[in-house]
Structures are given as C-alpha cells and as structure tokens.
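Enquirer: Please work out how this folds:
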Amino acid sequence: MKSFILTTALLITTASFLIAQPDSIPSNLYFNSAEKMLMTNGNLKIGGYGEVHYNQPVSSDVRKNGTLDVHRLIMMLGYQFNDKVQFVSELEFEHVSEVYVEQAFLQIKLNNLVNFRGGLILTPMGIINEYHEPTTFNGVERPQIDNAISPSTWREIGFGITGVILPVSLRYQAYLMNGFNGFDGQARIGGASGLRGGRQKGAESYISSPNFSGKVEYFGIRGLNLGLSGYFGNTQSTLYNGIDKNNEAAIEKADSSVVGISMVGADARYSYKGLKLTGQFYYTVLSNTEQFNKFTSGKGGGNLGSSMFGYYIDLGYNVLRSVKTEMQLIPFVNYSNYDTHHKVPVNITDNLSYQKNVITTGLSFFPTQGVVVKTDLQFVKTGASDKYVTTFNAGFGVMF
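Expert: Numbering: from 1, shown residues only. This next block holds a predicted model:
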C-alpha cells in the first residue's frame with residue numbers, strides 16, 4: 001500500500017511539470033480496443049472484435065476430428081459523460097454459449113497526463129493480456145504462455161492511475177486490485193494450469209488482501225516499444241472470513257491456504273519497414289508453496305511449483321510491403337518455452353510435462369485494416385516427451 005501511494009504521488013508530481021504534449025502520437029505507442037474508445041469523439045461509443053477458429057490435430061497414426069468454434073465475440077460499449085468522465089465496458093460471448101464481462105471501468109481525467117481508473121480492469125502484465133484482439137498478434141490462438149503464467153484474459157476489480165508522459169516517452173499504469181482465488185474449499189491454482197484457475201473475473205469475487213500491479217512502457221526510440229511490468233501480493237482465501245483475530249490456530253490454518261506471488265515481466269515490440277519482431281518474458285516466484293501443497297493435498301491441490309518461467313519470440317515480415325496496397329501478408333514463426341514447475345518445493349516432484357516448447361509458423365493475411373485471415377501449424381513438445389504434437393489451425397478475426 002505504501003509503495004502504491006508513493007508511486008502515485010511521484011507520478012502526479014512529475015505530470016504537473018510535463019503538461020505540454022506534441023501534436024501527434026508516435027506509431028510505437030499502442031492502444032487496445034478500450035483505449036481507442038476512450039480517444040474517440042462522441043458521447044455513445046461502440047466497438048468490438050471477434051474470431052472464428054478451426055483446430056485440427058495432425059497425426060500419422062490416429063485419425064482425429066477437428067473442432068470449429070466461434071471462439072469469442074466481443075461488443076464494447078462506452079459513454080462519455082463530459083470531457084473528464086468516461087465509462088468503458090467489454091462484453092464477451094465465448095464458444096457461443098458463455099457470457100463474460102471482461103472490462104467495466106470508470107475513468108476520470110485529472111489533466112492531460114493523469115487519469116484515475118476504477119472498476120473491472122485488465123492486469124497490465126506483458127503484451128497479450130492487454131492486446132489480445134485477433135488483429136494484434138500472429139497465430140490463430142493466443143500464445144500458450146499467456147494461458148498459464150499470465151492467464152489472459154486476466155482482469156480483476158481495482159483502482160489506480162494511468163497516463164502517457166509524451167515529453168519523456170513514457171506510459172505508466174499502477175493499480176491496487178483484487179487477487180487470485182487461491183483456496184475456497186478447493187485449491188484453484190496448481191502446476192498443471194498455473195494461475196489460470198484462480199482468476200475471479202469480478203464475478204461475485206471476494207478479497208482478503210489487495211494486490212499491486214503496474215507497468216511502465218518506453219517508446220522513445222523509433223519503431224521500438226519496451227515494457228516492464230510487475231504483479232505483487234497474495235492469493236485470496238475464504239478461510240479468513242469470520243475468524244476471531246485472536247484465534248491463532250485458525251489464522252495459522254488460513255495462512256497455509258495462501259500463496260505469495262511476485263511476478264515480473266519484460267516485453268519488446270519492434271517494427272522496421274516490413275519487419276515485425278515481438279518478445280515477451282515472465283518470471284514468477286511463489287512463496288509458501290510447501291505449506292499450501294500440504295494443506296490442499298486431497299482438496300484439488302498439492303502440486304504447485306515455487307516458481308514459473310517463460311518467454312516467446314515472434315518474427316514476421318510483410319511481403320507485400322513494396323506493393324502499393326493496404327493489404328498485408330505476413331509469414332511468421334513463433335518460438336515459446338515455459339515451465340510452471342521451473343522450481344518446486346521439497347514436498348513435490350518436478351513434473352516434466354509442465355515444461356513445454358511450442359513452435360508456431362504460419363501466415364497472417366490482412367485484406368484491409370481491422371480484418372485478418374490466419375493459418376498456422378503448431379508443434380508442442382513437453383519435457384517428458386521427445387515427440388512434438390502437431391495441430392493445424394485456421395481462422396479469421398475482426399476488430400472495429
């Protein structure tokens with residue numbers, strides 16, 4: 001809490017000396033759908049994105065059915081009450097039948113560089129969690145690393161500040177927000193799925209302690225965007241609810257159901273002429289995992305590692321760059337390596353199947369801005385196997 005208050009005060013003080021802004025926004029300063037809505041003129045604002053996928057496992061020995069899926073369809077609605085106060089919401093339909101709210105926040109603009117934001121907010125970790133629209137990344141599916149370590153789409157209820165300091169080419173976000181549901185009678189995080197099962201998503205969520213998340217981006221070099229992000233706090237536990245503060249045994253039991261999380265991320269996006277290069281890195285330290293595994297054994301847990309590690313590198317090139325057309329055709333290759341059992345406590349065994357190498361190569365075709373048709377081959381191998389499992393993927397996505 002103290003670090004958040006000090007960070008907030010420092011940023012507001014800095015902003016007060018840096019009010020002047022250039023007339024144009026650099027091309028290497030990126031905005032997702034919600035941020036674009038905040039920049040759009042008019043009171044009522046409408047936007048959205050969606051994607052349809054075909055996934056076909058490929059095997060020389062076994063015949064397998066493919067799957068066809070309207071993976072997600074998102075409608076975004078916003079309203080500008082005046083030049084200072086705005087509201088943005090993101091409503092998602094997944095697999096046709098599932099409905100979620102991915103964002104719902106109120107933003108109050110203090111001045112040109114400081115905005116207060118509160119509500120259901122995307123956690124600012126890495127790239128994909130904030131920029132997960134299908135036209136913003138190569139590959140039909142989102143990178144697997146952003147499924148387990150930074151579990152996209154990762155959002156929680158919280159509040160904080162955000163802004164862009166153009167004279168020094170910095171963009172920042174700093175939030176206090178609700179944490180993962182670690183234990184509610186069952187363990188919700190583990191080695192197999194990482195942190196994904198702990199997302200509360202603002203759906204009747206509960207809180208036993210707040211968490212901090214922040215990110216700083218630097219865009220002072222042409223074509224390059226560098227990001228540094230962090231997430232720090234504890235998982236939440238229902239065992240704290242209603243216990244006597246003087247009941248040491250009950251508090252000790254509740255403490256055993258909590259995991260400390262310290263996650264850092266670094267990312268880079270670089271574009272030069274037709275070249276597009278993206279990289280992302282995560283390292284997560286989990287504390288109290290020995291006690292957590294012991295306590296949750298038989299309750300859906302018992303296999304949580306003490307650290308997680310992962311990265312990916314994506315390289316693509318627009319081969320239509322020299323042609324006078326708005327179309328883009330981008331062959332790409334993506335290499336990813338991650339491990340949710342990078343380190344393990346002494347009371348469990350390292351599961352090599354949680355360490356994965358993923359190679360994805362394919363094409364992204366943009367017939368016009370806001371529309372992409374994708375196809376790729378994805379090869380996945382775990383540390384417990386010497387064979388790659390192959391999947392053919394195809395689909396299209398839109399963003400408007």
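Enquirer: contacts and neighbour counts: CA atoms only from here.
Expert: Will do.
Enquirer: Grab the nearest non-local neighbour of the most centrally placed residue in the chain.
Expert: The central residue of the chain, meaning the one whose C-alpha is nearest the mean C-alpha position (C-alpha atoms, centre = their mean), is Asn129 at 2.1 Å. Beyond its immediate neighbours in the sequence, the residue positioned closest to Asn129 (C-alpha to C-alpha, 6 or more residues apart in numbering) is Ser152, lying 4.9 Å away.
Enquirer: Just confirm the one you found is within a helix.
Expert: No - note on Ser152: no helix contains this position according to DSSP: H, G, I helix; E, B strand; the rest coil, which reports coil.
Enquirer: Could you measure from it over to Phe137?
Expert: 14 Å (C-alpha to C-alpha, to the nearest Å).
Enquirer: before we move on, the earlier item: mind checking the SS state of the residue nearest to the centre of the chain?
Expert: Three states are possible here, and by three-state DSSP the one that applies to Asn129 is coil.
Enquirer: show me what contacts it?
Expert: Shown here is Asn129, whose contacts under the criterion C-alpha atoms under 8 Å, 6 or more residues apart in numbering are Leu122, Thr123, Asp146, Ser150, Pro151, Ser152, Thr153, Trp154.
Enquirer: got those residues as JSON lines, with neighbour count, pLDDT and distance to Phe365 columns?
Expert: Putting the contacts of Asn129 into JSON lines (neighbours: other C-alpha atoms under 10 Å; pLDDT from 0 to 100; distance: C-alpha to C-alpha, whole Å) gives the following:
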{"residue": "Leu122", "neighbour count": "22", "pLDDT": "98", "distance to Phe365": "28"}
{"residue": "Thr123", "neighbour count": "29", "pLDDT": "98", "distance to Phe365": "29"}
{"residue": "Asp146", "neighbour count": "25", "pLDDT": "96", "distance to Phe365": "23"}
{"residue": "Ser150", "neighbour count": "25", "pLDDT": "96", "distance to Phe365": "27"}
{"residue": "Pro151", "neighbour count": "22", "pLDDT": "97", "distance to Phe365": "27"}
{"residue": "Ser152", "neighbour count": "24", "pLDDT": "96", "distance to Phe365": "24"}
{"residue": "Thr153", "neighbour count": "19", "pLDDT": "96", "distance to Phe365": "24"}
{"residue": "Trp154", "neighbour count": "24", "pLDDT": "98", "distance to Phe365": "28"}
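Enquirer: farthest-separated two in these?
Expert: The most widely separated members of those are Leu122 and Asp146, with 13.4 Å between them, by C-alpha to C-alpha.
Enquirer: distance of Val389 from Leu377?
Expert: Using C-alpha to C-alpha, we find Val389 at a distance of 10 Å from Leu377.
Enquirer: Any chance you could list what contacts stretch 280-292?
Expert: Outside stretch 280-292, the residues that touch it by C-alpha under 8 Å, 6+ apart are 126-127, 149, 256-268, 302, 304-313, 345-347.
Enquirer: just for the chain, where's the confidence low?
Expert: 1-24 (pLDDT under 70).
Enquirer: where exactly do the helices run in it?
Expert: For the chain, applying DSSP state H gives helices covering 2-16, 33-38, 145-148, 248-255, 289-296.
Enquirer: Compute the inter-axis angle for the fourth one and helix 289-296.
Expert: The reference is to helix 248-255. Relative orientation of helix 248-255 versus helix 289-296 (axes from the mean of the first three to the mean of the last three C-alpha atoms, to 10 degrees): 100 degrees.
Enquirer: then helix 248-255 to CSV, C-alphas only?
Expert: The C-alpha trace of helix 248-255 is given here as CSV (Å, rounded to 0.1, in the frame of the first residue of the first chain):
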residue,chain,number,x,y,z
GLU,A,248,-4.0,-18.2,16.4
ALA,A,249,-4.8,-21.7,15.3
ALA,A,250,-7.5,-20.5,12.8
ILE,A,251,-5.2,-17.8,11.5
GLU,A,252,-2.4,-20.3,11.0
LYS,A,253,-4.7,-22.6,9.1
ALA,A,254,-5.8,-19.7,6.9
ASP,A,255,-2.2,-18.7,6.3
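Enquirer: And that helix, what does it pack against?
Expert: Using 3 or more C-alpha pairs under 8 Å, 6 or more residues apart in numbering; DSSP states H and E, no helix or strand is in contact with helix 248-255.
Enquirer: what do you get for the shortest one?
Expert: With contacts defined as 3+ C-alpha pairs under 8 Å, 6+ apart, the secondary structure elements packing on helix 145-148 are strand 307-317, strand 328-343.
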